[in-house]
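Undergrad: okay, here's the prediction I keep looking at, along with the sequence it came from:
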Amino acid sequence: MWDSDMPLRNRRLLAERLRWPDGALDECLRIEKDRPGFDVCWFREWTVVGFERAEGFHAWRAGQDPLQRGLIRHEWHGVTAESSWRALP
């Protein structure tokens, strides 16, 4: 049987284990609610060549895998939740 709360519980668990800043997940959920059709996540800075990513909030069109490499995908970034929200179309 499908547990409809599982995706949110999994996101909370990942945010905790990956040591997201306090409130980052709630900000991601707020942006997703305000801007339907986008998925939002917080990422630490990645400096591995070919996988570089600035720390902060990242958003992409819903349904696109954020870690799928080799495909061109537009992503919006903001250091803060507010700057990420303002960057979205």
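TA: Received it, and whenever you're ready, just let me know what you need.
Undergrad: partners of the most centrally placed residue in the chain in the sheet?
TA: The centroid of the chain falls nearest to Cys41 when counting by CA atoms, centre = their mean (1.2 Å). Going by DSSP bridges, Cys41 is paired in beta bridges with His58.
Undergrad: wait, it sits on Ala62?
TA: No. Cys41 is not in contact with Ala62 according to CB atoms under 8 Å; the separation is 11.8 Å. Any C-beta I mention is one placed from the backbone N, CA and C, and that applies to glycine too.
Undergrad: tell me the contacts of the residue nearest to the centre of the chain?
TA: Contact analysis of Cys41 by CB atoms under 8 Å, 6 or more residues apart in numbering lists Cys28, Phe57, His58, Ala59, Pro66.
Undergrad: and with 10 Å instead?
TA: The contact partners of Cys41, by CB atoms under 10 Å, 6 or more residues apart in numbering, come to 11, 14-15, 18, 20, 24-25, 28, 32, 57-60, 66-67, 75.
Undergrad: what's the pLDDT at it?
TA: On pLDDT, Cys41 comes in at 91.
Undergrad: go on, Leu25?
TA: pLDDT at Leu25 comes out at 96.
Undergrad: can you get me a residue count around it?
TA: As a burial measure, Leu25 scores 19 neighbours (other CB atoms under 10 Å).
Undergrad: just how off-centre is the helix or strand where it lies within its chain?
TA: Per DSSP states H and E: Leu25 is located in helix 24-34. On the basis of CA atoms, centre = their mean, to the nearest Å, helix 24-34 sits 9 Å off its chain's mean C-alpha point.
Undergrad: cool, and stretch 39-53?
TA: Distance, centroid of stretch 39-53 to centroid of chain: 10 Å (CA atoms, centre = their mean).
Undergrad: from the contacts of Cys41, which is closest to Val48?
TA: Taking CB to CB as the measure, Val48 lies nearest Leu67 of the contacts of Cys41, at 12.5 Å.
Undergrad: and Asp26, how far is that from Phe51?
TA: Going from Asp26 to Phe51 by CB to CB, to the nearest Å gives 27 Å.
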